[in-house]
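Visitor: Everything below, folded, please.
(one chain, ligands or ions: 1)
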Amino acid sequence: MNYSRFLTAVSAARKPSPIRILTELQQRSPPTLISLAGGAPNPDTFPFHSASIKMKNGETIEFDGAMMKRALQYSGSYGIPELISWMKELQKRLHNPPTASFSPERGQMEMCVTTGSQEGLCKVFEMLVNPGDTVLLDAPTYSGTLAALQPLGCNIVNVPSDQYGMIPDSLRDILAQWDSHKPDSTTPKVLYTIPNGGNPTGASMTLERKQKVYELAKKYDFLIIEDDPYYFLQFQKPWASTFLSLDVDGRVIRTDSFSKILSSGLRIGFVTGPKPLVDRVVLHIQASTMHTSTLTQVRHLSLSLSLSLLIRLSLSFYRAQRNAMLSSADKWLKDVAEWHAPVAGMFLWIKLKGIKDTQQLIMEKALEKEVLLVPGGVFNIHSSEPCPYVRAAFSLSTPQQIDEVPHILGSVGISGANLNSSAVRMSLWSS
Ligand SMILES: Cc1ncc(COP(=O)(O)O)c(CNc2cc3ccccc3n(O)c2=O)c1O
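Guide: Predicted coordinates:
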């Protein structure tokens, strides 16, 4: 792979920060090293001595004095070494990426910790996307992705999709326009997709479709950004093979998140990809945030042993929430709306029949009834275009509250019948 052709001028111009090199050097050196190099504060002056976090399973995570000093100090821009090596082992166990055995220059699997996968996405886009570049994605898509992409002035080309994700034949037909000439500045360099429990559609991509998309990526030489924060929220086994597990070329960049299973407020995400590209993301981190909170990373490391238990608990919760959402939609909306049952994630994508655009219905009529959802237009490339869909997130409200929403949605959408919903006070504007 020729990675340099994918980089923006800004990313190509980034150089390692000398100070950050020293931090990494110091981290790798024996404790006997005497350093007068880093302009880091002396942790003995920090007012925090120790901390303990009581877990719901009765265990307590203790941060003693030495751990506290480390957790409150600057750390390396890739992430703390123990967390990175633990996460690399997890990626190898879950995805068995071919790139794990590559040489660095060939695109060896590398990782870095980011402040949520949102930061990872934003920095990956800023590494790859120049004004005027063509970016392929299946809309409707996550509004946070559009917020990161659209200011870059790229040409976003929508690839049709359905409940099984991006449609490879449609992608093939779109790419055919570049068959007749050599790659030029308009040839797509990047394809972005959310392969599991898509936001907002709840769609999950089949392995067969991923294989076809990957073959097209080889033919037209573009990168695949696999944004997969709902990977751990797949309700049925076996979990789908990922683009990372198919990546024989080193052309997949994967963003992972612990927001949906451990904590969204602690802001931990991961970028996994070919070393020449992840190194560029890290150079950006060096110049922007230096690194994700050390305390957060140390805390996540202490949870790593119980990850499979945490995943099981999250899965059973969200599966029950999904079932409550579906049974309520079946009860109240089956004559006035359409939807597909998600097999992962936390979203139900509802198409209201006979409604051209849901914006006013959601932001006025439903809100008057103290119900909040997201009008589907915000997930489209051109958000001002009418959209008959609405996104319901079944993550935060109780099954009883969830049951009220389709009832109200069905009424305000169709008859506008007055419904006394003073008892209904919920917000489904949730991730
Ligand atoms: C496909 C896809 N990719 C990346 C991210 C970012 O996750 P991170 O790891 O936590 O940074 C997300 C998070 N999605 C949302 C977040 C959110 C936060 C506050 C309020 C509402 C929110 N709604 O509605 C969301 O959909 C996502 O769905």
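Visitor: Which residues are in contact with the residue of the chain found nearest the ligand?
Guide: For the chain, the residue closest to the ligand is Gly116, as judged by CB to the nearest ligand atom, at 2.6 Å. For glycine as for every other residue, the C-beta is placed from the backbone atoms N, C-alpha and C. By CB atoms under 8 Å, 6 or more residues apart in numbering, the residues touching Gly116 are Ser257, Ser259, Ser264, Arg267, Ile268, Gly269.
Visitor: which among those residues end up buried?
Guide: Ser257, Ser259, Arg267, Ile268, Gly269 (16 or more other CB atoms under 10 Å).
Visitor: Run through the residues you listed and flag the ones next to the ligand.
Guide: Ser257, Ser259, Gly269 (CB under 6 Å from any ligand atom).
Visitor: Show me what the last one is bridged to.
Guide: This means Gly269. Under DSSP bridges, the beta-bridge partners of Gly269 are Thr114, Ser257.
Visitor: got the contact list for it?
Guide: So Gly269 contacts 113-120, 229, 255-259 (CB under 8 Å, 6+ apart).
Visitor: Report the two of those residues separated the most.
Guide: Spatial extent of the contacts of Gly269 (CB to CB) is set by the pair Val113 and Pro229 at 14.8 Å.
Visitor: From the buried ones among the contacts of Gly116, pick the one nearest Ser304.
Guide: Ile268 (11.2 Å).
Visitor: Confirm for me that that closest one is in contact with Lys260.
Guide: No. Using CB atoms under 8 Å, Ile268 is not in contact with Lys260; the gap is 11.3 Å.
Visitor: low pLDDT regions in the stretch 151-300 of the chain?
Guide: Scanning the stretch 151-300 of the chain for pLDDT under 70 picks out nothing.
Visitor: Kindly recompute the last result at 90.
Guide: 179-186, 240, 296, 298-300 (pLDDT under 90).
Visitor: The ones next to the ligand among the buried ones among the contacts of Gly116 into a markdown table, with extra columns for distance to Ala71?
Guide: Shown next, in a markdown table, are these (distance: CB to CB, whole Å):
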| residue | distance to Ala71 |
| --- | --- |
| Ser257 | 21 |
| Ser259 | 20 |
| Gly269 | 19 |
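Visitor: Counting neighbours, what do you get for Val378?
Guide: Close neighbours of Val378, defined as other CB atoms under 10 Å, add up to 15.
Visitor: Mind checking what secondary structure it has?
Guide: What DSSP: H, G, I helix; E, B strand; the rest coil gives for Val378 is helix.
Visitor: next one: Asp44
Guide: helix.
Visitor: How about Ala240?
Guide: coil.
Visitor: For it, which non-adjacent residue is spatially closest?
Guide: Spatial nearest neighbour of Ala240, excluding adjacent residues (CB to CB, 6 or more residues apart in numbering): Leu207 at 5.9 Å.
Visitor: Just to check, the one you found is in contact with Pro238?
Guide: No. Leu207 is beyond contact range of Pro238, at 9.8 Å (criterion: CB under 8 Å).
Visitor: So between those two, which is more surrounded?
Guide: Neighbours were counted for Leu207 and for Pro238 using other CB under 10 Å; Leu207 has more, 14 against 7.
Visitor: Could you tell me the backbone phi and psi angles at the more buried one?
Guide: Main-chain torsions, Leu207, degrees, to the nearest 10: phi -60, psi -40.
Visitor: how many neighbours does Pro386 have?
Guide: 12.
Visitor: er, Ser50 actually
Guide: 12.
Visitor: What of the one 4 residues further on?
Guide: Around Lys54 there are 9 other residues, counting by other CB under 10 Å.
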